[in-house]
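Trainee: Take this sequence and fold it.
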Amino acid sequence: MLDELDAHLLRRFADSYQPLVDAQFVAHVVARMPPASGARLHPAALRSVPGTIVGALLTGIAAPLRLRHAGLMALAAAAVTVWATFA
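Mentor: Numbering: from 1, shown residues only. Okay, the predicted model is just below:
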């Protein structure tokens, strides 16, 4: 297969060019769309956000502690932190 462009193919593409949408189509679609409603936050959604944050923090803290020797590692990390602070 050659890498050069086919002149007949390019001419066919140029002849068949049509705009994708016209104003009448856009007006028809917009007329059928429901009116936009504002962003409404329900009280249940507002209550669930702090619960999700607290749950994620507890999972993030508790999950590493389930690992073997995690307590020893946390103790060593605390000791290094205290040593680095006062050294």
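Trainee: Now do the longest helix seen in the chain: which elements does it pack against?
Mentor: In the chain, with assignment by DSSP state H, the single longest helix is helix 43-65. Of the remaining helices and strands, those touching helix 43-65 by 3 or more CB pairs under 8 Å, 6 or more residues apart in numbering; DSSP states H and E are helix 70-86. Yep, even glycine has a C-beta here, placed from its N, CA and C like the rest.
Trainee: Can you check what angle separates the helix it packs on from helix 43-65?
Mentor: Calculated by axes from the mean of the first three to the mean of the last three CA atoms, to 10 degrees, helix 70-86 forms an angle of 90 degrees with helix 43-65.
Trainee: Return the alpha-carbon coordinates of helix 70-86 using PDB.
Mentor: The C-alpha trace of helix 70-86 is given here as PDB (Å, rounded to 0.1, in the frame of the first residue of the first chain):
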ATOM      1  CA  ALA A  70       2.100  -2.800  62.800                       C
ATOM      2  CA  GLY A  71       2.100  -1.700  66.500                       C
ATOM      3  CA  LEU A  72       5.900  -2.200  66.700                       C
ATOM      4  CA  MET A  73       6.300  -0.200  63.500                       C
ATOM      5  CA  ALA A  74       4.100   2.600  64.800                       C
ATOM      6  CA  LEU A  75       6.000   2.700  68.100                       C
ATOM      7  CA  ALA A  76       9.300   2.900  66.200                       C
ATOM      8  CA  ALA A  77       8.000   5.700  64.000                       C
ATOM      9  CA  ALA A  78       6.900   7.600  67.000                       C
ATOM     10  CA  ALA A  79      10.300   7.200  68.600                       C
ATOM     11  CA  VAL A  80      12.100   8.400  65.500                       C
ATOM     12  CA  THR A  81       9.700  11.400  65.300                       C
ATOM     13  CA  VAL A  82      10.400  12.400  68.900                       C
ATOM     14  CA  TRP A  83      14.100  11.900  68.500                       C
ATOM     15  CA  ALA A  84      14.200  14.000  65.300                       C
ATOM     16  CA  THR A  85      12.200  16.700  67.000                       C
ATOM     17  CA  PHE A  86      14.600  17.100  70.000                       C
END
